[in-house]
Each structure stands twice: as structure tokens, then as C-alpha cells.
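Student: Test case, fold it:
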Amino acid sequence: MSDTTVNIHSAFVAAQKAVESFSELPNSAAKTFIYTGNILNEIILPGFVTQGVGKSGAAHMIRVAADAYKGRGYK
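Tutor: Numbers count the residues shown, from 1 in each chain. Purely as a prediction, here's the structure:
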């Protein structure tokens, strides 16, 4: 459970805060969601199942946020 809290829930809260902050920036400012991680959302490492689930979930959520807000120029 702690892996999802760290990797998914905290990224979700950070994305929410980014959306709030992006709306306060000037139109000329770049508004980009940035999520750094590791290769676990791309490859399978059996010893890291829960971490891979967390990284995959967070990466998916960031892609969803970028798509949902692309009309506002967020990426």
C-alpha cells in the first residue's frame, strides 16, 4: 500500500496543485506536467511488482492529465 501512496497518490496531489498553479501563470509561460521515475513503467522486473504498479499508475495518470488539459495549453 505504501508504494501506491508514494507513487500514485502523491503524484495525483502534485498534478492537482500544478493545475491550480498553471492557471495563475501568464499565457506565455510553459505549463508542463513533469514526472520523473524509472524504467518500471516500461519493463517488467519481477522483484519490483508493487513499485512497477505504482510507477505505471502515476505515468498513466500524468498522461491523462496532459490530455485532459491540452485545451488549456498544458502538456
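Student: C-alpha from now on. contacts and neighbour counts both.
Tutor: Fine.
Student: what's the model's confidence in the host helix or strand of residue 61, averaged?
Tutor: If you go by DSSP states H and E, residue 61 is part of helix 49-68. The average pLDDT within helix 49-68 is 88.
Student: got the buried residues for it?
Tutor: Residues of helix 49-68 classed as buried: 50-59, 61-62, 65-66 (neighbour count, 16 or more other Cα atoms under 10 Å).
Student: Now find how far off-centre that helix is within its chain.
Tutor: Taking Cα atoms, centre = their mean, to the nearest Å, the mean C-alpha location of helix 49-68 is offset from the chain mean by 6 Å.
Student: ok, which stretches of the protein are helices?
Tutor: 2-4, 10-22, 49-68 (DSSP state H).
Student: I'd like to know which elements the longest one is packed against.
Tutor: Judged by 3 or more Cα pairs under 8 Å, 6 or more residues apart in numbering; DSSP states H and E, helix 49-68 is in contact with helix 2-4, helix 10-22.
Student: The same query, at a cut-off of 7 Å, please.
Tutor: helix 2-4 (3 or more Cα pairs under 7 Å, 6 or more residues apart in numbering; DSSP states H and E).
Student: Mind checking the pLDDT average for the helix it packs on?
Tutor: Rounded mean pLDDT across helix 2-4 is 71.
Student: got it, and stretch 26-38?
Tutor: Stretch 26-38 comes out with an average pLDDT of 88.
Student: Which positions in it come out as buried?
Tutor: Neighbour-count burial for stretch 26-38 [16+ other Cα under 10 Å]: 31, 33.
Student: Spell out for me which residue occupies the centre of this protein.
Tutor: Centroid-nearest residue in the chain: residue 62, 3.2 Å away (criterion: Cα atoms, centre = their mean).
Student: In contact with it, which residues are there?
Tutor: If you count contacts by Cα atoms under 7 Å, 6 or more residues apart in numbering, residue 62 has them with residue 33.
Student: change it to 8 Å
Tutor: 15, 33, 35 (Cα atoms under 8 Å, 6 or more residues apart in numbering).
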